[in-house]
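Engineer: build me a model from this:
(one chain, ligands or ions: 1)
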Amino acid sequence: MITGHLGVAAAVRSRWPGLSVLWLVPVAVAPDILDFAYVALGICSPYGLYSHTVPAAALTGAVLGGIAFLVTGSRSAGLVTAGVVLAHLPLDLVTGHKIFWPGGPLLGFSLYRRPLLDFLIELPIALAGWWVLRRSGRGPSWATVGAAALALALAQATFDVLPQVKPSACRGIVQEVP
Ligand SMILES: [Zn+2]
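Structural biologist: The predicted structure is shown next:
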């Protein structure tokens, strides 16, 4: 899942205006950012072992939530940040195919193999977040204008027509986009 995570970030921002969209967006896709970092460092993280399992996301959420708490002094900012990281996992279950705990089975509906279906499921999640933020009147204008919704649709369409494989530092393991 890609833009669906951005929808979560937008919806959360509409409730907690103290958290910047520019913070919530990378937090919402933090497990995916970790995956790309592992590839850059040449670390094999098969099927999201070090990024998308419950222990990995709990650790990521604790670190990012701790940073949010230290920077803002707000305990709820820290808890909400950690919650946004953890919300990544159930959403990925819809589109991906990965393990959720070390040694666990591969789970997920692998909707990336059905790009049109993925588009039809994921884009409404993204647009719902955009709409909630727009209606709240609490979002920055660049994120709530109509062009932002169009950009979400174009981004999702682009991801859905591109080959659904992302780089992996694991030899012989082909991983789907999370
Ligand atoms: Zn992911």
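Engineer: middle-most residue in this structure, spatially?
Structural biologist: With distances taken as CA atoms, centre = their mean, Val29 lies nearest the centre of the chain, 3.1 Å away.
Engineer: quick check: that one vs the ion, distance?
Structural biologist: 7 Å (CB to the ion, to the nearest Å). For the C-beta atoms, the positions are set from N, CA and C on the backbone; glycine is no exception.
Engineer: got the contact list for that residue?
Structural biologist: Ile2, His5, Leu6, His88 (CB atoms under 8 Å, 6 or more residues apart in numbering).
Engineer: what sits against the nearest residue to the last one once chain neighbours are set aside?
Structural biologist: Spatial nearest neighbour of His88, excluding adjacent residues (CB to CB, 6 or more residues apart in numbering): Pro31 at 5.1 Å. Contacts for Pro31 were tallied using CB under 8 Å, 6+ apart; they are Gly48, Ser51, His52, Ala56, Ala57, Thr60, Val85, His88, Leu89, Asp92, Pro178.
Engineer: average pLDDT for the one helix or strand Pro31 maps to?
Structural biologist: Pro31 belongs to helix 30-41 when assigned by DSSP states H and E. The average of the pLDDT scores along helix 30-41 is 93.
Engineer: now do that helix: distance to the chain's middle.
Structural biologist: Chain-centre distance of helix 30-41: 12 Å, with CA atoms, centre = their mean, to the nearest Å.
Engineer: so which of the contacts of Pro31 belong to helices?
Structural biologist: Judged by DSSP state H, these include Ala56, Ala57, Thr60, Val85, His88, Leu89, Asp92 as members of helices.
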